[in-house]
Each structure stands twice: as structure tokens, then as C-alpha cells.
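[1] coordinates for the following, if possible.
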Amino acid sequence: MTLAETRDKKRERWGWYFYDWANSPFYSSVTTVFGALYMSTVAAADAKQNITLNGDKACLDASGVDDKLHNCDVSLFGLHFPAGSTWGYLLSVATVVQVLVLPIAGAVADRSRNKRRILGWFAWLGAAASALMFFMAGSDWQLGAALFIVANIGYGGSLVVYYSFLVDVAEPDERDDVSAKGWAFGYLGGGLALALQLAFYLSRDALGVDTGTAVRICFLTSGLWWAVFTIPVLRALPRVHTPVAVERGVSVLRAGFRELRRTAVEAKAFPLTLAFLGSYLLFADGISTVVAVSAQYGKDELRFSDEVLIITVLVIQFLAYVGGVLHGLVARRLGAKRTILGSLVLWVAVLAGAYFIQPEQPLQFYAVAVGIGLVLGGTNALSRSLFSQMIPAGKDAQYYSLYVVGEKGTSWLGPLVFAGVGQATGSFRLAIVALVIFFVLGFVFVALVPVRRAIVAAGNRPPAVL
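    Reported below is the predicted structural model:
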């Protein structure tokens, strides 16, 4: 490889890393922190308005105070549910919508000569919807819900195209390292954006900005961050992509789902690989749910201030990188499977600790956040790495499309369990501990998968330590 080619490859890789940096605030700020905090507040304002109009105060306690409004119902399309469950149900709906979009995004990208243009379309769609959440105010949570779903379409679609660029910017023996660097860069970007937003949020009184406006400005800046940092990504990534052959008269929609179905059928020849994938989908759903609802749990059940909740997410964000490094070191000695199993045990311990946190005791909450951070990144990183060893040679893109679609296709269940248990019991404390089932079942199923046999069956050489 010439010096010019080496320089071009390095530029392309940095462009690839930077998209993790660009989109991370949507997950860390919009989804994990400010969306969870603000959506329930706006929904509660709608519930209060309904009480004022209808005179129904049965959902309030004897004193009729507003901090019980998250138990009061809001309605959408004839469905009625507590305001406090709005966020959990919205996460489920947004995830299901992504499942419908991901195969389409992959099919369009595979059949286009300019994948980065498609990446830009999805990225800027998501960024625009995130920024427009600035206009969600008063009791208009329905506008925020619609924009959040559109932002998720942009986020999920762009990730599918982004993942497909890994094959273009790295050789097979380099992809683990390149992928890990992008993952770490994303956590740092999301953490930095959230830290800057936290500094602004904590200074809102001095700046003469009310709480709702401060949160909405954080939505706006998250969208702007995503849009602006996507520009160097599109400038650096490879310009030309050789599209796959496509049958005449076949729509992109049909082609996308047909391709996904073909991969799923062919994967039946590797049942152990599918068994591990199914195990991963179980505990990955639990992980994404814990992160997504942690702020709501802290606010509605434990009555922590927004400042405590944002600091908690910052702790998780930065320690996730440290946890990933530690998991890698442990895996060198014990193997990926044993390390994943140990990590799942720690997840159960973390949720048990979350159940026993006392209201208005932030140090206890921070301690649980440290635990989440240390197991968060490493569990997913090792699972992705171990799965790559069970993929037949030359089938990486097909199997990872199944991996991503499967992950999105099942990750609606955790938020649904959380919201449903919270609604049925009136306690988010019981809802958070209900998520233990995902980690327990994930542990059992991973333990039952003969990983070495799965790797050999896929035609690969097992590593020395498993």
C-alpha cells in the first residue's frame, strides 16, 4: 500500500469513528436523560389538564399533590395509560418502527453507488427531528412522541449504513480494533456533549432560563451536534460503492425483506450460532432497557433531582469505556464466554442494588451507576466479538444484518415489561427488578451454548482461551 493509500485509509477510518461521536448525544442525552425526564413531565401536565377539564381526581392521593400525576391517565388513539408509563411505551413503539426501517435502509445502501449520501439522509433526518423536539412544551407530549419516533428512524437507518462501511474501511483482521475504537470514541463524544449540556442545565437559573426551556435547548443542541459532526464523516468516508445486483421489477422494500429472510433461512444450518444470538438478544434487551429507564426510575420512584440523574448518566457514560477495557483484560485470561457470564451475574446484582436504593439517597444511586457503567460496555463488546467468531467466512454482513435487526426487533419487550409492571403495580421499584428475568434467562442460555463447537461448526479456528 502506497503512502497516499495509507493516508486515505486513515482518513476514512477517522471519518468512520466520527459518526459514533456524532450520533451518541441522541442516545445519551435525548433518549437516556432528557427525553425520559421531560416526556413524563409534559405527559403529567396533560394529565393535570384532563383532571381540570373532567374533574376526575381519583388518581391523586388524598392531598391531591402534583407529584402523583404520573399515576394519572393520558390518552392517545383511544388508548389510556398512566403518564408515568408514557416513556416506556414510547420506547417500545419507536423500536418496532425501527425494525420496519432497518431492512429497507440496508437494501437501499446495498443497491446504491453512494452509500454515504444515504447515511447523510438518515443522519440529518434524525438530527432534524431531535432538534425540533425543542417545540415540545406545555402539555403537547404527542408532538414530542412523533418527533422521537422519526428521530429513531434516522438513528436506526443511519446505523445500518454506518455499520456496512466497516467492511470498506478495514481489512478482516483489523475490524475488531477499528470497531472497538469507534465504540470508545462514541462513548467519549456522548459523554462530552452531555457534560456540556449538564453545565448549561445547572446554570439555568443564573442565565434566567426555566427548567423546561433548558431541557428543550438540550434537545436542540443534541440535534445540532449530530448534524454538524456528520459533515466531516461524509467528507471522509469512501465515495464510491459497487452496488449488489438487483432483480428487475423488485422494489427496494421487497428486496430488503427478501434478503433478510434469505439470510435467516441459511442461518438454520448453524443452529449453535443462532442459539448464541437468541441468548444475546435476551440480555441485550435487558441492558438497553435499564439504561433507557434509569433516569425515569430515579425521578419518579426515588424522587431525585434532575441534576442527580444527569450526573448519574455521566458516570455511566464515562465508566462504560473503563468497563469495556477491564472486560477485555479479563477475557484474555478467562475467555469471552466466562467473562460474559460473570458480567450477567453482576447485572443481576446491580438491579438488586437498584431495588434497595432509598429515596433521596444519591450516594446509593451513584454506587449503582458505577456498577452499571463497569458492566455496560464490556458485555455488549464481548458479545459482538464472540458472535463474529461463529459467523461462516464471507457471511459477515449478512449475519450482522440479522444481528442488528434481531436486536432492534426484540428490544421493545424490556420497556414494555417495565411500563406494564409499573402500571399494574403502581411501583417502578417492582418494574426495575422485573428486568432481572432478562439477565437470568440470558445467563442460562449462554451457559448452555457450546461456544467452541459453534465456532468449529462455522468453519473457524477457536481462540486458545474461551
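[2] contacts and neighbour counts: CA atoms only from here.
    Noted.
[3] just to check, residue 37 is in contact with residue 294?
    No - counting by C-alpha atoms under 8 Å, residue 37 does not reach residue 294; the two are 10.0 Å apart.
[4] tell me which of those two has more neighbours.
    residue 37 (24 against 20; other C-alpha atoms under 10 Å).
[5] count of residues packed around the closest residue in space to that one that isn't next to it in sequence?
    Distances taken as C-alpha to C-alpha, 6 or more residues apart in numbering put residue 296 closest to residue 37, at 6.0 Å, once the chain neighbours are dropped. Neighbour count of residue 296, defined by other C-alpha under 10 Å: 28.
[6] ok, residue 199 next?
    11.
[7] now the host helix or strand of it: buried residues?
    When elements are assigned from DSSP states H and E, residue 199 belongs to helix 175-202. Buried residues in helix 175-202, counted by 16 or more other C-alpha atoms under 10 Å: 176, 178-195, 197-198, 200-201.
[8] next: stretch 86-100.
    86-100.
[9] looking at it now, give me its mean pLDDT.
    This predicted structure assigns stretch 86-100 an average pLDDT of 77.
[10] please apply the same query to stretch 318-328.
    Mean pLDDT, stretch 318-328: 78.
[11] what does stretch 169-176 give?
    On average, stretch 169-176 scores 65.
[12] low-confidence ranges in the stretch 151-300 of the chain?
    Counting by pLDDT under 70, the ranges of the stretch 151-300 of the chain that qualify are 167, 172-177, 179-180, 240-257, 259-260.
[13] all helices of it, in order?
    166-169, 175-202, 204-207, 211-236, 252-266, 271-296 (DSSP state H, counting those that start in this stretch).
[14] report the angle between the longest one and helix 211-236.
    Helix 175-202 runs at 150 degrees relative to helix 211-236, counting by axes from the mean of the first three to the mean of the last three C-alpha atoms, to 10 degrees.
[15] show me what helix 175-202 is packed against.
    helix 3-25, helix 166-169, helix 211-236, helix 306-334 (3 or more C-alpha pairs under 8 Å, 6 or more residues apart in numbering; DSSP states H and E).
[16] closest to residue 261 out of these?
    Among the helices and strands packed on helix 175-202, the nearest to residue 261 by C-alpha to C-alpha is helix 166-169 (21.9 Å).
[17] alpha carbons of the closest one, as PDB, please.
    Provided in PDB are the C-alpha atoms of helix 166-169 (Å, rounded to 0.1, in the frame of the first residue of the first chain):
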ATOM      1  CA  LEU A 166     -16.700  -1.200   8.300                       C
ATOM      2  CA  VAL A 167     -16.000  -3.600   5.500                       C
ATOM      3  CA  ASP A 168     -14.900  -0.700   3.300                       C
ATOM      4  CA  VAL A 169     -12.500   1.000   5.800                       C
END
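[18] returning to that earlier point: what's the angle from the helix holding residue 199 to helix 3-25?
    40 degrees.
[19] check the offset of helix 175-202 from the chain's centre.
    Averaging C-alpha positions (C-alpha atoms, centre = their mean, to the nearest Å) puts helix 175-202 13 Å from its chain's average.
[20] also stretch 225-236?
    20 Å.
[21] go on, stretch 416-426?
    On C-alpha atoms, centre = their mean, the centre of stretch 416-426 falls 21 Å from the chain's centre.
[22] ok, stretch 275-293 next?
    10 Å.
[23] contact partners for residue 442?
    279-280, 282-283, 344 (C-alpha atoms under 8 Å, 6 or more residues apart in numbering).
[24] recalculate using a threshold of 6 Å.
    279, 282-283 (C-alpha atoms under 6 Å, 6 or more residues apart in numbering).
[25] tell me the spacing between it and residue 287.
    Here the distance between residue 442 and residue 287 works out to 11 Å (C-alpha to C-alpha, to the nearest Å).
[26] and the two most separated of the buried residues of stretch 86-100?
    Between any two of the buried residues of stretch 86-100, the greatest separation by C-alpha to C-alpha is 21.7 Å, found for 86 and 100.
[27] got the CA coordinates for stretch 371-381 in PDB?
    Provided in PDB are the C-alpha atoms of stretch 371-381 (Å, rounded to 0.1, in the frame of the first residue of the first chain):
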ATOM      1  CA  GLY A 371     -21.900  -0.800  38.700                       C
ATOM      2  CA  ILE A 372     -23.900  -0.200  35.500                       C
ATOM      3  CA  GLY A 373     -21.000   1.600  33.900                       C
ATOM      4  CA  LEU A 374     -18.500  -1.100  34.600                       C
ATOM      5  CA  VAL A 375     -20.600  -3.900  33.100                       C
ATOM      6  CA  LEU A 376     -22.400  -1.900  30.300                       C
ATOM      7  CA  GLY A 377     -19.800  -1.500  27.600                       C
ATOM      8  CA  GLY A 378     -18.000  -4.800  28.100                       C
ATOM      9  CA  THR A 379     -21.000  -7.100  28.000                       C
ATOM     10  CA  ASN A 380     -22.000  -5.800  24.600                       C
ATOM     11  CA  ALA A 381     -18.500  -5.600  23.200                       C
END
